[in-house]
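K.L.:
my questions are about this predicted structure, shown below with the sequence.
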Amino acid sequence: MIILIADDENLVRLGLKKIIKDSQLDPVEIVEARNGREMVGVCQNTAPDLAFVDIKMPLLDGLEAIRAAKEFCPHTLWVMLTGFSEFKFAQNAISLGVKDYLIKPFEPEKIQEILLDAQQHVQQKHIDSNHLFELQVSHLFNTPQTARESEYFRLSEGQVFTAFHFYECFAAKRNQSLYSTLLPQLRQWLSAWRAPGDYFALFSLQSGLICLVIRASKAQAKRILRYLESPALAPHLTSTALLCCQSQKDIRDLFVQSNALSELLPLALCLQKGRPYFPEELKALLQKENAFSFAKFLDCLIQAYIEKDEIRYQKYLEKIRGLPNGQGLLDGFYPILSKSLSQAMDFPEVPAKYGDFCQKLHSHSQNMYAKSNAAPPDIIGQVKDYININYANDVSIISLAEAFNLAPTYLSKIFHERAGIKLIDYVMEVRIKNAKRLMTENPSILIKNVALLVGYYSTRHFKDVFQKQTGMLPSEFQKQLKNSARNGDCP
């Protein structure tokens, strides 16, 4: 927390500094100003979270200085310092948004109360701003045409954007450990980790994969990398590959890199689990002859196995058989590949010779009928019914997957294939349909209340989605309803 003390009396500044330093606050930075003009300059360079401002200062008095400084620091909490004779004058400061006032000589207990209140305010402000960042990043990555202009998308000096893709190579199996145990632990750590100016977004992509995006200094980004490789997370990442990318430019560049990275996800079968891989390492892996084709064909074969599609399974098995350099690829990926196949489809130990490996894949295809990993034929209807009832609650890919005991990536895939629409788009349609119903039933309802009632905690996000779905803003829809009512038309 940054605290400003603006007073022309040196003893007053020293006294306040001592009280602040003696308090049990989190680490604070104290900046000072000796007159009103100097205070405005300090605020212009360093927006304080809390400011103690003397009402009578040279060059500019306290009220004039606050009025000028608010342009640079609209979120600062202002506390006036005043003598008893100036108390009525100080009360006028309420119109400027001054939070409190202190009458000289100060009571240390009152200052402690203000400091604690300010600390809670700053902490909540950090939580709220990070929530907005998370909503905007999630919306951007899942709706590419979203505008990329936001104060949260502008890097500060020395900061970078970093994206982490969590890829469970056997995600089509009914394994929810990544979602039910890792994510709450990771979110808790990230909330404690970040400093002012740092932001993180932990969200689900349309594919069902988990993505973490951070905006922080390079040192902080390295700290997160170390945590992801730490023993604390190791038990949750035994089957999860981490693909990462980084941008020092802007969110658009990160988004482009992230999309390129998602194209390489089949390589996760051949990657060591539980440690991050950046594009440079993946490029080195791709230099092996047919490495990507080998990983992609195996990935498609695994999906066919889980979905009990023997025709597609045999199709990709033949592609694997015909790959040049098959033995070299098997030798290079053997230990990791053996574990991946065992996890993905209960495959026995991988034979050392490529011909034997292909033959084993062929004979193992009969086991797909003994498994019950595939979703039942009527699952899409069940999911739709669930969304139509619970649209106002959490109906993210992750929560739906947990409700139906399916992996998010698998549910996302089969929903798109069988319903002909992406799951996230279906949720949007249901929510906007119900938003229109609510506004039709009550044309005067507040937009922010409509947003909450259909499951959106950000009014701005709701407006963006509504406009995308209907071609108009919610306020325009309400205006249309009111005009129709005046004209006696049916809505």
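P.N.:
Great, that's in hand.
K.L.:
alpha carbons only for contacts and neighbour counts from here, please
P.N.:
Will do.
K.L.:
next helix or strand past whichever strand or helix holds residue 191?
P.N.:
Take DSSP states H and E as the rule and residue 191 turns out to sit in helix 183-193. Going down the chain from helix 183-193, the next helix or strand is strand 199-204, by DSSP H and E.
K.L.:
pairing partners for that following strand, with directions?
P.N.:
Counting by DSSP bridges, the strands paired with strand 199-204 are strand 210-217 (antiparallel).
K.L.:
and the next helix or strand past the partner strand?
P.N.:
Going down the chain from strand 210-217, the next helix or strand is helix 218-228, by DSSP H and E.
K.L.:
beyond that following helix, next helix or strand please.
P.N.:
Where DSSP H and E defines the elements, the next helix or strand beyond helix 218-228 is strand 240-247.
K.L.:
mean confidence score for that following strand?
P.N.:
Strand 240-247 comes out with an average pLDDT of 92.
K.L.:
the helix holding residue 191: which residues count as buried?
P.N.:
For helix 183-193, a neighbour-count test (16 or more other Cα atoms under 10 Å) marks 183, 186, 190 as buried.
K.L.:
turn those into JSON lines, including pLDDT and distance to residue 478.
P.N.:
Putting the buried residues of helix 183-193 into JSON lines (pLDDT from 0 to 100; distance: Cα to Cα, whole Å) gives the following:
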{"residue": "183", "pLDDT": "76", "distance to residue 478": "39"}
{"residue": "186", "pLDDT": "87", "distance to residue 478": "41"}
{"residue": "190", "pLDDT": "89", "distance to residue 478": "40"}
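K.L.:
need those in TSV (columns: distance to residue 219).
P.N.:
As requested, these are exported to TSV (distance: Cα to Cα, whole Å):
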residue	distance to residue 219
183	23
186	18
190	15
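K.L.:
which among those residues gets closest to residue 48?
P.N.:
For the buried residues of helix 183-193, the closest approach to residue 48 (Cα to Cα) belongs to residue 190, at 23.8 Å.
K.L.:
quick one: the helices in the stretch 1-150 of the chain, in order.
P.N.:
Secondary structure of the stretch 1-150 of the chain by DSSP state H, counting those that start in this stretch: the helices cover 10-22, 36-45, 62-69, 87-91, 108-142.
K.L.:
er, the stretch 301-450 of the chain I mean
P.N.:
Assigned by DSSP H, counting those that start in this stretch, the helices in the stretch 301-450 of the chain fall at 310-321, 326-345, 354-364, 379-390, 397-403, 408-419, 423-441, 447-453.
K.L.:
for residue 78, which of those helices is the nearest?
P.N.:
Closest to residue 78 of the helices of the stretch 301-450 of the chain, according to Cα to Cα: helix 447-453, at 28.9 Å.
K.L.:
what residues of that closest one count as buried?
P.N.:
For helix 447-453, using 16+ other Cα under 10 Å, the buried residues are 447, 450-453.
K.L.:
now the next helix or strand after that helix - C-alpha only, PDB.
P.N.:
Downstream of helix 447-453, the next assigned helix or strand under DSSP H and E is helix 459-470. Extracted in PDB, the C-alpha atoms of helix 459-470 (Å, rounded to 0.1, in the frame of the first residue of the first chain):
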ATOM      1  CA  THR A 459     -22.700  -5.900 -16.400                       C
ATOM      2  CA  ARG A 460     -20.200  -5.000 -19.100                       C
ATOM      3  CA  HIS A 461     -19.600  -8.600 -20.100                       C
ATOM      4  CA  PHE A 462     -23.400  -9.100 -20.200                       C
ATOM      5  CA  LYS A 463     -23.800  -6.100 -22.500                       C
ATOM      6  CA  ASP A 464     -21.100  -7.400 -24.900                       C
ATOM      7  CA  VAL A 465     -22.700 -10.900 -25.100                       C
ATOM      8  CA  PHE A 466     -26.300  -9.400 -25.500                       C
ATOM      9  CA  GLN A 467     -25.100  -7.200 -28.400                       C
ATOM     10  CA  LYS A 468     -23.300 -10.200 -30.000                       C
ATOM     11  CA  GLN A 469     -26.400 -12.300 -29.800                       C
ATOM     12  CA  THR A 470     -29.100  -9.700 -30.700                       C
END
